[in-house]
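**Student:** With the input below, show me the fold.
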Amino acid sequence: MTRQSNARPVNGDLVGVPGGALRLTTPALWIDYPLLKSNLAAMMARCREAGLKLRPHGKTHKCTRLARAQLDAGASGICCATPHEAFAFLQEGIRGVLITVPVVQQRHYQMLAALHREGADFSVVIDDPRSVSSWRAALGGASRTLPALVDVDIGMGRTGAGTIEATVGIARELRDARELDYAGVQAYSGRVQHIHDFEERRRIYGEQLEKLRRTINVLKSAGLAPGIVSGGGTGTFAIDADSGVYTESQAGSYLFMDVEYGLVKMFRGERNPWATSLFLRTSVVSANVPGQVTLNAGFKCLATDGPRPEVCGEQFPGSRYEFFGDEYGRLVSGERTPALGSSVDLITPHCDPTVNLHDWYHVIEGDSLVDIWPIDARGVL
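**Tutor:** Numbers count the residues shown, from 1 in each chain. Here you go, the predicted structure:
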């Protein structure tokens, strides 16, 4: 199922070469390895302090190497946004995979049921009783049950059972199904993750968490207490940790961070604990217009659904990136103009969809290219 199995990375010959990181063919998506490891450790420390398990969202990185690194750091599993991501992770032996979007296509049912029979360790979410019947039909004859969580809509309106009554009804069906195991509930709200002001985010999200509390209390009264309450994200992590509602966090962007999350005040009274570790290295391909240069990274390299990319650090103070076409970006010069052929590092505007445009991560420590990892869970199926 992986896309990269027979490909060879362009910069592969630079791995382990002194100064290899400074010679990358660009555009090149790269990871600051020490900062990545620091983010992994910092999140696990926060989770342990809060008594939360961590099942980070793999849609952020779409890379089995990074999923394994998260498990090695202490995560209890990995979330996936698509069956394709799940196929890629499961085929590489990643355990504790939770597919966070309801499965509805017949071929997905069949393919996932086959993986389940082969011993793959994953669970699913369900927000419609018709899906219970579809899963039961696909799993017929399996020697073990498939764990399933009821997906609960707490205010976003994207997926999830819309009422408490519907949630209880699906939970009952899961409990009574021989092929399925009622494992708990999932509740995620995406739009609140990027509300910049902490108090405003807590106010809006707090109303949603209150609906989740009521839902859990009704489930308990019906003899359907959820063993797992999964959800939350990087932007709401501080609120999730204080709420006591969740048993596990699905935060994922903490691993990389981006311009969008850099605008969010995540904790009250302290700096954001996770550093930006993901960057795009570009090159100046033209410098003929005074006050600007042209970079070799445009719409095909960077997400366009959020703020603009930012120039990393103090490379070129006062410079501003602007999209300039499919293949190009324009860097409006500040105090210093980069020379033709020189490199410019950008902070990605929105990490998840930016990652989905690339094939490889270049893992860098200092001026050394430590490794190149395939982004092997990209794509749809």
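**Student:** Point out where this protein drops to low pLDDT.
**Tutor:** 1-6, 381 (pLDDT under 70).
**Student:** domains in it, as residue ranges please.
**Tutor:** Listed by automatic domain parsing, the domain ranges of the chain are 12-31+273-374, 33-261.
**Student:** Would you state the strands of the stretch 1-150 of the chain in chain order?
**Tutor:** Ranges of strands in the stretch 1-150 of the chain, per DSSP state E, counting those that start in this stretch, are 28-32, 53-54, 78-80, 97-99, 122-126, 146-151.
**Student:** any idea which of those strands is most buried?
**Tutor:** Across the strands of the stretch 1-150 of the chain, averaging neighbours per residue (mean count of other Cβ atoms under 10 Å) puts strand 78-80 on top, at a mean of 29. Yep, even glycine has a C-beta here, placed from its N, CA and C like the rest.
**Student:** Which other helices and strands does it contact?
**Tutor:** For strand 78-80, the elements it packs on are helix 64-73, helix 83-91, strand 97-99, judged by 3 or more Cβ pairs under 8 Å, 6 or more residues apart in numbering; DSSP states H and E.
**Student:** any chance of the domains of the chain in TSV, plus distance to residue 267?
**Tutor:** Converted to TSV, the domains of the chain look like this (distance: least, Cβ to Cβ, whole Å):
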stretch	distance to residue 267
domain 12-31+273-374	7
domain 33-261	5
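**Student:** deepest of the ones you listed, which one?
**Tutor:** domain 33-261 (a mean of 19).
**Student:** just how off-centre is that one within its chain?
**Tutor:** 12 Å (Cα atoms, centre = their mean, to the nearest Å).
**Student:** I'd like the numbering to begin with 525 instead of 1 from here.
**Tutor:** I'll keep to 525 as the first residue from here, and by that count the last item is domain 557-785.
**Student:** ok, now which ones touch the residue nearest to residue 660 when sequence neighbours are not counted?
**Tutor:** Nearest residue to residue 660 in three dimensions, chain neighbours excluded: residue 703, at 4.8 Å (Cβ to Cβ, 6 or more residues apart in numbering). By Cβ atoms under 8 Å, 6 or more residues apart in numbering, the contact list for residue 703 reads 659-660, 663-664, 666, 669-670.
**Student:** show me the contacts for the most centrally placed residue in the chain.
**Tutor:** In the chain, the centroid-proximal residue (Cα atoms, centre = their mean) is residue 584; its distance is 2.4 Å. Contacts for residue 584 (Cβ under 8 Å, 6+ apart) come out as 776-777, 779-780, 875-876, 879.
**Student:** Make a markdown table out of the residues you listed and add distance to residue 709 and secondary structure.
**Tutor:** Output for the contacts of residue 584, formatted as a markdown table (distance: Cβ to Cβ, whole Å; DSSP: H, G, I helix; E, B strand; the rest coil):
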| residue | distance to residue 709 | secondary structure |
| --- | --- | --- |
| 776 | 19 | coil |
| 777 | 23 | helix |
| 779 | 25 | helix |
| 780 | 28 | coil |
| 875 | 27 | helix |
| 876 | 24 | helix |
| 879 | 28 | helix |
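**Student:** of these, closest to residue 820?
**Tutor:** residue 879 (18.4 Å; Cβ to Cβ).
**Student:** The closest one contacts residue 582, doesn't it?
**Tutor:** No. Counting by Cβ atoms under 8 Å, residue 879 sits too far from residue 582 to count as a contact (10.6 Å).
**Student:** from what I can see residue 566 touches residue 795, true?
**Tutor:** No. Using Cβ under 8 Å, residue 566 makes no contact with residue 795, being 11.5 Å away.
**Student:** Would it be right to say that residue 870 lies in a strand?
**Tutor:** Yes. Counting by DSSP: H, G, I helix; E, B strand; the rest coil, residue 870 is located in a strand.
**Student:** which residues pair with it across the strands?
**Tutor:** According to DSSP bridges, the residues that bridge with residue 870 are residue 804, residue 835.
**Student:** Now do the strands in the stretch 725-874 of the chain.
**Tutor:** 752-755, 772-773, 802-810, 816-819, 834-835, 844-847, 853-856, 867-871.
**Student:** Give the other helices and strands that the fifth one contacts.
**Tutor:** Same thing as strand 834-835. Using 3+ Cβ pairs under 8 Å, 6+ apart: strand 834-835 touches strand 844-847, strand 867-871.
**Student:** ok so, going back, can you list the contacts of residue 584 in CSV and add distance to residue 888?
**Tutor:** Listed next are those as CSV, based on distance: Cβ to Cβ, whole Å:
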residue, distance to residue 888
776, 21
777, 20
779, 15
780, 14
875, 16
876, 21
879, 16
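**Student:** Let me know the closest of these to residue 769.
**Tutor:** For the contacts of residue 584, the nearest to residue 769 is residue 776 (18.9 Å; Cβ to Cβ).
**Student:** Need the phi and psi values for that closest one.
**Tutor:** The phi and psi values for residue 776, taken as degrees, to the nearest 10, are phi -130, psi -40.
**Student:** How about the one 5 residues further on?
**Tutor:** Per-residue torsions, residue 781: phi 60, psi 170 (degrees, to the nearest 10).
**Student:** wait, it sits on residue 801?
**Tutor:** Yes. At 6.8 Å, residue 781 counts as touching residue 801 under the criterion of Cβ under 8 Å.
**Student:** Please enumerate the shared neighbours of the two.
**Tutor:** Joint contacts of residue 781 and residue 801 (Cβ under 8 Å, 6+ apart) are residue 563.
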